[in-house]
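Enquirer: I would like the atomic coordinates for the input below:
(chains A, B, C and D)
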2 protein chains.
Amino acid sequence: MAEATIRDVARRAQVSIASVSRALNGLGNVRQETRERVMAAAAELGYVPHAGARSLSLARAHAVGVVLPDLHGEFFSEFVRGMDREASRRGYVLLLSNIHDESEQAANALRAMRGRVDGLIVMAPHLSAGMLQSALPPTLPSLFINGPEEIDDRPTVRLDNVAAMEAMVAHLVAGGRKRIVHIAGPEGNVDARERVEGYRAAMARHAPGIEPVVLAGDFSEEAGEAAAHAIRANAIACDAVFAANDMMAIGCLQALRNGGADVPGEIAVAGFDDVPLARYLGLTTVRVRIAEMGARAIERLIDILEGGPADQRAERHDAELVVRGTTAARD
Amino acid sequence: MAEATIRDVARRAQVSIASVSRALNGLGNVRQETRERVMAAAAELGYVPHAGARSLSLARAHAVGVVLPDLHGEFFSEFVRGMDREASRRGYVLLLSNIHDESEQAANALRAMRGRVDGLIVMAPHLSAGMLQSALPPTLPSLFINGPEEIDDRPTVRLDNVAAMEAMVAHLVAGGRKRIVHIAGPEGNVDARERVEGYRAAMARHAPGIEPVVLAGDFSEEAGEAAAHAIRANAIACDAVFAANDMMAIGCLQALRNGGADVPGEIAVAGFDDVPLARYLGLTTVRVRIAEMGARAIERLIDILEGGPADQRAERHDAELVVRGTTAARD
DNA sequence: TTGTAAGCGTTATCAC
DNA sequence: GTGATAACGCTTACAA
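Expert: Residues are numbered from 1 along each chain as shown, chains lettered A, B, ... in the order given. Model prediction:
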């Protein structure tokens, strides 16, 4: 009743298991007739090679581990889809693991990968470099997506946050707005940090003399609302709000409008991510081609696994400015 | 440079590999002092057991394969999150595989699972029973989510589409609307089919004498728009549209309103899924607790794997009616 | 309590 | 060309 093994095929084809292996793997040194007998026997038994045994013998699992934080919505599905597409194209399988925090659980999840995968894709904008360094099997090839900048001896794929911020600020300034407020993402998040920096740099460049204003946030819609209230209550003089993600931008947008503000007449609002909702609300934002980043990460990792040239480049992927109604130029 | 193996630990602790295995796995018959020596050696070497070898020896991979169609948005991420949570709680790992169609690729993806996983979760509302039966390793325990009804000898977790349709139709009728049109999902999709049936049954029950009207659709926003145009152009007499999913409902809603119709005054609109957008548009819909279904599927599958009682029940999960503005009762 | 050795299902290195 | 057989890293009788 158990699945047929290579032995069963050998017995049925009246050859040794060595010949079965050779025939099935298409090695040259097998007589045509032998090969056919093996193929027939395998087909009759419905034989499928045991991937576990295979990988133990070959010391290659043809699997890559994917370690992710709690992602939501399109972002997660697109990312996984991009990786899955490329992985299966190259004959690899994906082992998925969500990591919620820096707990012992996280370290366990990483350990559980040992002996199952040939390499790791790690997306962990919220994990510290120290934790990663200590919990990652040192000999396991791994590629970081938007990982901590301190880890610079490993290959990475990173979103070019700075360029994206620059583009958006330039767009706002071109529309006649210079008093731009930034709502930041959570502390400790790499993307959030880079966006603040990018914002400051872009302001220095495009709106010299204007003091940058950064309001604290945590990527939640409520944080956006709170920011809107702060702006109104403290009478922060501004003609644009650029949030570190769409949900905050949306929360802010709604709160501003509910408070009677005219968007975009009086104040512009922009976000980051291009969630589906952004399109419906006409929110100007930045689109991340996350499926493409995922596919590229897998591609590079597998290239490394299959002995390509040493690759520890920090590859940056451009985001795309998506201009909609909430930042329409005034007049 | 390679990762430490059990032999290295044994050598360093001056014991046999058998003792290392026993100590590490917490078996009773190990002297306290030996156990400590082993633990120390393992820690010093940063030893992590090789999951592949372990599973070959144990004939258990502590992994489950998850086979999914192209899912989008929250649905996918919530589903995977629910499964991941439960799986990691029970010490299992998830192997993910997207299946796009009935091609050879799909069969390969299924085969690639052999020898890597102990069981399979299959969500395939678009795959035929025949294809599944033939490509699935017959001895691999598997649980279907919203699978074809013909496969009734395997455990399944299914959304109770019929009950959901019934609840929504009852809600619409209670609001004074009986001429309810249904926009269907793609042919060949199990959920779509069940929703049509549920719709018909509910109409027969709550709006006897009224002829059910089913418009063809494919789950896309455009299909919803097309349905709206068909309703206007052909002057289909109706006071409610109930689409098989939110995207079609949204497309229909927008097209109706753009065409000058008063929703909900003149005509109500309802969807299915409760995508994030639905909340923003005030769309009445049906919420699927997909994370819960995923977790439950994993739970049952692992119970089976770990020798629980034979379980081939078809478990149905209730969806939740979410009433919003687009179906407000008239007057 | 501990060690030796067989076995899990493959691939690869040898002889023949 | 083909068949024994030793790995791969682990668990687990069975002996000691």
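
Enquirer: Please report the distance of A:Ala61 from A:Leu24.
Expert: A:Ala61 is 19 Å from A:Leu24, where distance means Cβ to Cβ, to the nearest Å. C-beta coordinates here come from the backbone N, C-alpha and C atoms, glycine included.

Enquirer: So those two - more neighbours on which side?
Expert: A:Ala61 (25 against 17; other Cβ atoms under 10 Å in any protein chain shown).

Enquirer: these two touch, right, the more buried one and A:Gly119?
Expert: No - contact criterion Cβ atoms under 8 Å: A:Ala61 and A:Gly119 do not qualify, at 9.3 Å.

Enquirer: Just the terminal-to-terminal distance for stretch A:202-212.
Expert: With Cα to Cα, to the nearest Å as the measure, stretch A:202-212 spans 10 Å from end to end.

Enquirer: Pull out the buried positions in it.
Expert: A:202-203, A:206-207, A:212 (16 or more other Cβ atoms under 10 Å in any protein chain shown).

Enquirer: Kindly report the same for stretch A:288-306.
Expert: A:288-291, A:293-302, A:304-305.

Enquirer: same question, stretch A:119-132
Expert: A:119-127, A:129, A:131-132.

Enquirer: next one: stretch A:246-263
Expert: A:246-256, A:261, A:263.

Enquirer: Other residues contacting it?
Expert: A:183, A:185, A:217, A:219-229, A:231-232, A:241-243, A:267, A:269-275, A:277-278, A:281, A:283, A:285, A:326 (Cβ atoms under 8 Å, 6 or more residues apart in numbering or on different chains).

Enquirer: and what of stretch A:102-115?
Expert: A:61, A:65, A:67, A:95, A:97-100, A:120, A:127-128, A:131, A:134-137, A:140, B:3, B:48-54, B:88, B:93.

Enquirer: follow-up on the earlier one: out of the contacts of stretch A:246-263, list just those in strands.
Expert: Among the contacts of stretch A:246-263, the ones falling in strands (DSSP state E) are A:183, A:241-243, A:269-270, A:285.

Enquirer: what stretches of chain A score poorly on pLDDT?
Expert: Low-confidence segments of chain A (pLDDT under 70): A:1, A:152, A:331.

Enquirer: Next one: A:Leu140 relative to A:Leu132, how far apart?
Expert: From A:Leu140 to A:Leu132 the distance is 12 Å (Cβ to Cβ).

Enquirer: Give the buried subset of the contacts of stretch A:102-115 as a ChimeraX selection command.
Expert: In ChimeraX, this line selects whichever of the contacts of stretch A:102-115 come out buried by 16+ other Cβ under 10 Å:
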select /A:61,65,67,95,97,98,99,120,127,131,135,136,137,140 /B:3,48,49,50,51,52,53,54,88,93
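
Enquirer: so which of the contacts of stretch A:102-115 also contact DNA strand C?
Expert: B:Ala53 (Cβ under 7 Å from any atom of the strand).

Enquirer: Helices of chain A, start to end?
Expert: Using DSSP state H, the helices of chain A run over residues A:6-13, A:17-24, A:32-45, A:51-58, A:73-89, A:104-111, A:129-135, A:161-174, A:190-206, A:221-233, A:246-258, A:276-281, A:290-305.

Enquirer: returning to what we had before: please identify which pair of the buried residues of stretch A:288-306 lies farthest apart.
Expert: A:Val288 and A:Leu305 (25.8 Å; Cβ to Cβ).

Enquirer: How many neighbouring residues does A:Thr139 have?
Expert: 10.

Enquirer: what's it sitting at in phi/psi?
Expert: phi -90, psi 0 (degrees, to the nearest 10).

Enquirer: That one against B:Val48, yeah?
Expert: No - assessed by Cβ under 8 Å, A:Thr139 is found out of contact with B:Val48, at 10.7 Å.

Enquirer: Spit out the residues that contact the two alike.
Expert: Joint contacts of A:Thr139 and B:Val48 (Cβ under 8 Å, 6+ apart) are B:Glu3.

Enquirer: Spell out which residues of the stretch 1-150 of chain A are next to DNA strand C.
Expert: Residues of the stretch 1-150 of chain A lying near DNA strand C (Cβ under 7 Å from any atom of the strand): A:2, A:5-7, A:17-18, A:21, A:24-25, A:47, A:49-50, A:53-54, A:56-58.

Enquirer: Verify the stated contact: A:Glu266 with A:Asp239.
Expert: Yes - the criterion here is Cβ under 8 Å, and A:Glu266 meets it with A:Asp239 at 7.4 Å.

Enquirer: higher neighbour count, the two?
Expert: Under the neighbour definition other Cβ under 10 Å, A:Glu266 and A:Asp239 were set side by side, and A:Asp239 has more, 18 against 12.

Enquirer: OK, contacts around the more buried one?
Expert: Contacts of A:Asp239 by Cβ under 8 Å, 6+ apart are A:176-180, A:266-268.

Enquirer: mind redoing it with 7 Å?
Expert: Taking Cβ atoms under 7 Å, 6 or more residues apart in numbering or on different chains, we find A:Asp239 in contact with A:177, A:179, A:267-268.

Enquirer: Enumerate the residues of the stretch 151-300 of chain A near chain B.
Expert: A:276-277, A:280 (Cβ under 7 Å from any Cβ of the partner chain).

Enquirer: what about A:Thr284, how many neighbours?
Expert: Quick note: A:Thr284 (other Cβ under 10 Å) scores 26 neighbours.

Enquirer: what does A:Thr327 give?
Expert: 26.

Enquirer: these two touch, right, it and A:Ile267?
Expert: No - using Cβ atoms under 7 Å, A:Thr327 makes no contact with A:Ile267, being 9.9 Å away.

Enquirer: quick one on the thing from earlier: who wins for neighbours among the contacts of A:Asp239?
Expert: A:Ala268 (26 neighbours).

Enquirer: Distance of that one relative to A:Cys238?
Expert: A:Ala268 is 9 Å from A:Cys238, by Cβ to Cβ.

Enquirer: Out of the buried residues of stretch A:119-132, name the ones that lie in strands.
Expert: A:119-123.

Enquirer: Redo those as a markdown table? Include distance to DNA strand D.
Expert: What follows is those, written out as a markdown table (distance: Cβ to the nearest atom of the strand, whole Å):
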| residue | distance to DNA strand D |
| --- | --- |
| A:Gly119 | 17 |
| A:Leu120 | 18 |
| A:Ile121 | 23 |
| A:Val122 | 22 |
| A:Met123 | 27 |
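
Enquirer: Let me know the closest of those residues to DNA strand C.
Expert: A:Gly119 (19.1 Å; Cβ to the nearest atom of the strand).
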